[in-house]
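Visitor: turn this into a structure:
(2 chains)
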Amino acid sequence: MDETVAEYIRRTVLKIPKDEIKMVLQKWDFLSEEQLQTLNFHQIKDNISQEVVQLCEENSAGIKQAAILDIIYNHIYQNKRMWSVYQMKKSGEELETFDIIDFKKSFKRRLQSALKNVTITFKEYEDGAIWIRVAWGTPYKKPNQYKPSYVVYHSQTPYAFISASVLKSTLPLLCQALIVASNYHDIREMELRSHSLNSLKDIVFKRYSQNFQTHSPEPLQEQNVEPESADIRIVEENRSDKERIHRLNEEAFGTGPQPKLEFAQYRLETMFKSDPKMEVLDRKEPFRCLVKFSSPHLLESLKSLAPAGMADAPLSPLLTCIPHKARNYFKIREKKGFFPESFVSP
Amino acid sequence: HLATSLPLPSERDHLRPRIDLIVFTIDIKSKYSLKNVETSLAHVDASFFLGKVCFLVTGVGRVNACSFETSAISKLGEAYCSPVLFCELELEGIRVTTAQRLLQMLRICAGHIPGVSALSFVSLMRSPDDD
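Guide: Numbers count the residues shown, from 1 in each chain, chains lettered A, B, ... in the order given. Sure thing, here's the model as predicted:
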């Protein structure tokens, strides 16, 4: 077995948490059940990975199997990577049935004609996701297995989720191969990024619970706003206000769990509006400013702002539009015309 | 009765019993909290300030998160002749003790303790150099 392959497998196994190694190896399905039985999972990870490499040696593992192990690792621990969303456009309304074999052939051919040294690996999952791993080399160097790009493509949709390699120059090539193989004619990066791949899918596939504008003027009966302590001796003076906030919040965010995003970024190119007496920035130039909101779960924390009394309800549509507009990067420019409000650019 | 600010919503006026004690809760981590209380104070009838108002400052355990100085609150207490209590709600012991203190104050304000009235708080508030 190639030394570089052995080392790559060893390092991949080391990344896996100790008590999950067996599960990952089983998913890999390269080592037999009998071989897995011989492994001692109670020793230190260093030794476990050495033993795994030994078994792979027995089975003559090549780079192809090692790449599949890497895809499996990244599929299970997908939230460790940062994912961007790309949208593809078709030129016409040609209804072509998707053929996975043609797709793979076409993708490989496109990449390999541009770059001889690439490792391309595919894995399909039951939910229709096609995972593609590409390791990049140069005409003179073998592919660097440690800096691959990952693409997750759902063939029934025009969306691809890419976790790009740090080798930035490879991205255009990757995108090109993708549109050629999937019979689209254009691809653009959406302003939507997150660690949570499933949440990105939820947003673009519209799988999260959205708000529906209902026309009930008042709540039908006194709703149980929060499961307060059942102590009836506590009286909420502002109950109707709390209910109003709850209702507005629900209209803005829906009732279900929010997709998981870590940040929202607003690039402002608006004019600075200040007290005329302040004499600040008299020039007619936009005041450039970047506002970034970060959170382990941004949308849930935005949702809890008004009920917690930290913001007035309804929240600014700039915040609540994030899942509907499928973006968390915004550029805000001055709107020209009568209204001095800001204008969100596409 | 819990309220987020004053004045109280008028639609519930008929449901409200006599108010014996008003506790203004201020979160030391939030300037907005202090401002809110300052604005609400304007809606309190003057008679309450004879011992039936008290300020409760919460969150004092986290020294690094204080948004304003305790002297600002003390000034408020002096201005309105009302006691200021400091507590940390996240610690159960302090929470229970503070609740017991407030309960005792409430008993006095409601007239349940013979011989002691809410006015006693006012006299306790006066500092020695006032006279």
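Visitor: burial measure for the closest residue in space to A:Pro158 that isn't next to it in sequence, as a count.
Guide: With sequence-adjacent residues excluded and distances taken as CB to CB, 6 or more residues apart in numbering or on different chains, A:Pro158 is closest to A:Met88, at 4.5 Å. Placement of C-beta: from N, CA and C, glycine included. A:Met88 has 19 neighbours, counted by other CB atoms under 10 Å in any protein chain shown.
Visitor: OK, contacts around A:Met88?
Guide: Counting by CB atoms under 8 Å, 6 or more residues apart in numbering or on different chains, A:Met88 touches A:Pro158, A:Tyr159, A:Ala160, A:Leu178, A:Ile179, A:Ser182, A:Tyr184, A:Asp186, A:Ile187.
Visitor: which of the residues you listed are buried?
Guide: A:Pro158, A:Tyr159, A:Ala160, A:Leu178, A:Ile179, A:Ser182, A:Tyr184, A:Ile187 (16 or more other CB atoms under 10 Å in any protein chain shown).
Visitor: Three-state assignment for the third one, please.
Guide: Using DSSP: H, G, I helix; E, B strand; the rest coil as the criterion, the local structure at A:Ala160 reads strand.
Visitor: same question for the fourth one.
Guide: Going by three-state DSSP, the secondary structure assigned to A:Leu178 is helix.
Visitor: measure it to A:Met88 for me?
Guide: 7 Å (CB to CB, to the nearest Å).
Visitor: got any residues that touch both of those two?
Guide: Common neighbours of A:Leu178 and A:Met88 (CB under 8 Å, 6+ apart) are A:Ala160, A:Tyr184, A:Ile187.
Visitor: with respect to chain B, which of those is nearest?
Guide: The shortest approach to chain B among the shared contacts of A:Leu178 and A:Met88 belongs to A:Ala160, at 43.8 Å (CB to the nearest CB).
Visitor: what parts of chain B come near chain A?
Guide: B:His1, B:Leu2, B:Ala3, B:Thr4, B:Ser5, B:Leu8, B:Pro9, B:Glu11, B:Arg12, B:Leu15 (CB under 8 Å from any CB of the partner chain).
Visitor: now, which of those lie within helices?
Guide: Members of the residues of chain B next to chain A lying in helices (criterion: DSSP state H): none.
Visitor: output those in a markdown table, with neighbour count and pLDDT appended to each entry.
Guide: Below are these laid out as a markdown table (neighbours: other CB atoms under 10 Å in any protein chain shown; pLDDT from 0 to 100):
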| residue | neighbour count | pLDDT |
| --- | --- | --- |
| B:His1 | 14 | 87 |
| B:Leu2 | 11 | 87 |
| B:Ala3 | 16 | 89 |
| B:Thr4 | 12 | 87 |
| B:Ser5 | 14 | 87 |
| B:Leu8 | 16 | 87 |
| B:Pro9 | 12 | 83 |
| B:Glu11 | 9 | 80 |
| B:Arg12 | 16 | 80 |
| B:Leu15 | 9 | 82 |
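Visitor: tell me which two of the residues you listed sit farthest apart.
Guide: B:Ser5 and B:Leu15 (18.4 Å; CB to CB).
Visitor: what parts of chain A come near chain B?
Guide: So far as CB under 8 Å from any CB goes, chain A lies against chain B at A:Ile234, A:Val235, A:Glu236, A:Glu237, A:Asn238, A:Ser240, A:Asp241, A:Gly309.
Visitor: among those, which ones are buried?
Guide: Buried members of the residues of chain A next to chain B, counted by 16+ other CB under 10 Å: A:Glu236, A:Glu237, A:Asn238, A:Gly309.
Visitor: most widely separated two among these?
Guide: A:Glu237 and A:Gly309 (13.9 Å).
Visitor: contacts only, for the residue in the stretch 201-346 of chain A positioned nearest to chain B.
Guide: The minimum distance from the stretch 201-346 of chain A to chain B, using CB to the nearest CB, falls at A:Glu237 (3.8 Å). A:Glu237 makes contact with B:His1, B:Leu2, B:Ala3, B:Thr4, B:Leu8, B:Pro9, B:Arg12, according to CB under 8 Å, 6+ apart.
Visitor: what does A:His75 give?
Guide: By CB under 8 Å, 6+ apart, the contact set of A:His75 is A:Lys123, A:Tyr125, A:Trp131.
Visitor: for it, helix, strand, or coil?
Guide: With three-state DSSP as the basis, A:His75 sits in helix.
Visitor: which stretches of chain B form strands?
Guide: B:22-27, B:53-58, B:84-86 (DSSP state E).
Visitor: chain center to the second one, what's the gap?
Guide: So the one you mean is strand B:53-58. Relative to the centre of its chain, strand B:53-58 is centred 3 Å away, using CA atoms, centre = their mean, to the nearest Å.
Visitor: for that strand, what does the pLDDT average out to?
Guide: Mean pLDDT, computed over strand B:53-58, is 93.
Visitor: which non-adjacent residue is nearest A:Ile132?
Guide: A:Val151 (4.2 Å).
Visitor: return the set of residues that bridge with the closest residue in space to A:Cys175 that isn't next to it in sequence.
Guide: In this structure, A:Cys175 finds its nearest non-sequential neighbour in A:Ile187, 4.9 Å apart by CB to CB, 6+ apart. Beta-bridge partners recorded for A:Ile187 (DSSP bridges): A:Met88.
Visitor: right, and A:Ile187 touches A:Lys90 too?
Guide: No - A:Ile187 lies out of contact with A:Lys90 (CB atoms under 8 Å); the separation is 10.9 Å.
Visitor: got the contact list for residue 21?
Guide: Answering for chain A, as no chain was given. Counted by CB under 8 Å, 6+ apart, A:Ile21 has contacts A:Val13, A:Phe41, A:Lys45, A:Ile48, A:Val52.
Visitor: to clarify, I was referring to chain B.
Guide: By CB under 8 Å, 6+ apart, the neighbours of B:Leu21 are B:Lys52, B:Val53, B:Cys54, B:Leu102, B:Met105, B:Leu106, B:Cys109, B:Ala110.
Visitor: the fifth one is in contact with B:Leu124, isn't it?
Guide: No - no contact is recorded between B:Met105 and B:Leu124 when judged using CB under 8 Å, the distance being 11.2 Å.
Visitor: nearest spatial neighbour of the single nearest residue of chain B relative to chain A, skipping sequence neighbours?
Guide: As assessed by CB to the nearest CB, chain A sits closest to B:Ala3 within chain B, at 3.8 Å. Sequence neighbours aside, A:Glu237 is the residue nearest to B:Ala3 in space, at 3.8 Å (criterion: CB to CB, 6+ apart).
Visitor: other SSEs contacting the lengthiest helix in chain B?
Guide: In chain B, with assignment by DSSP H, the single longest helix is helix B:92-109. Counting contacts by 3 or more CB pairs under 8 Å, 6 or more residues apart in numbering or on different chains; DSSP states H and E, helix B:92-109 is packed against strand B:53-58, strand B:84-86, helix B:119-125.
Visitor: can you say which of those is packed in most?
Guide: Scoring the helices and strands packed on helix B:92-109 by mean neighbour count under mean count of other CB atoms under 10 Å in any protein chain shown gives strand B:53-58 as the most buried, with a mean of 22.
Visitor: what angle do that strand and strand B:22-27 make?
Guide: Angle, strand B:53-58 to strand B:22-27, by axes from the mean of the first three to the mean of the last three CA atoms, to 10 degrees: 20 degrees.
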